[in-house]
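Undergrad: dropping a prediction and its sequence here:
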Amino acid sequence: MVSGCTSSNETKAFTNNYMSFDYPASWQIKDSGQTVNVVQGESNSIKIVQFNTKNEYLQDMNEWKTFTGVSGVETVGTSNITYTTFTTKDKYYTKKYYFQKNGKYYAVNGLVSDELENLVSSIK
């Protein structure tokens, strides 16, 4: 178990110096500081990034919107969050969320799934 993880029946809690969140207990954490990958097997992962500055956050969001061309706002948990979507060449439907929480700026992306939305709403 990665340092900073605690377990419950269906989820684990992850905490490092940059963020904390809940993730599916059967998934694995690949922690590298401000970027954390939560992986299930070889083909499914969720990537969480906490940006140093608002400018880095806005630059990444603008580049991603240009790349994907599809964006909007949806409610996840109790927050309205900007998102972009695209379909990979392997026909996987992915989503990338951008939001600010407690004065920090985040981007979270992965395959569209309940796990993705649950993780996004649990970030502290």
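TA: That came through fine. Numbers count the residues shown, from 1 in each chain.
Undergrad: the residue positioned nearest the centre of the chain: which element?
TA: Nearest to the geometric centre of the chain sits Val108, at 2.4 Å (C-alpha atoms, centre = their mean). Per DSSP states H and E, Val108 falls inside strand 104-111.
Undergrad: list the helices and strands that strand packs on?
TA: On a contact count with 3 or more C-beta pairs under 8 Å, 6 or more residues apart in numbering; DSSP states H and E, strand 104-111 meets strand 44-51, helix 54-68, strand 93-101, helix 114-122. (Glycine included, C-beta is placed from N, CA and C.)
Undergrad: ok, back up a step: so what's the residue nearest to the centre of the chain up against?
TA: Shown in contact with Val108 (C-beta atoms under 8 Å, 6 or more residues apart in numbering): 46-49, 96-97, 116, 119-120, 123.
Undergrad: and if we set it to 10 Å?
TA: By C-beta atoms under 10 Å, 6 or more residues apart in numbering, the contact set of Val108 is 19, 21, 36, 38, 46-50, 76, 81, 83, 95-99, 116-117, 119-120, 123.
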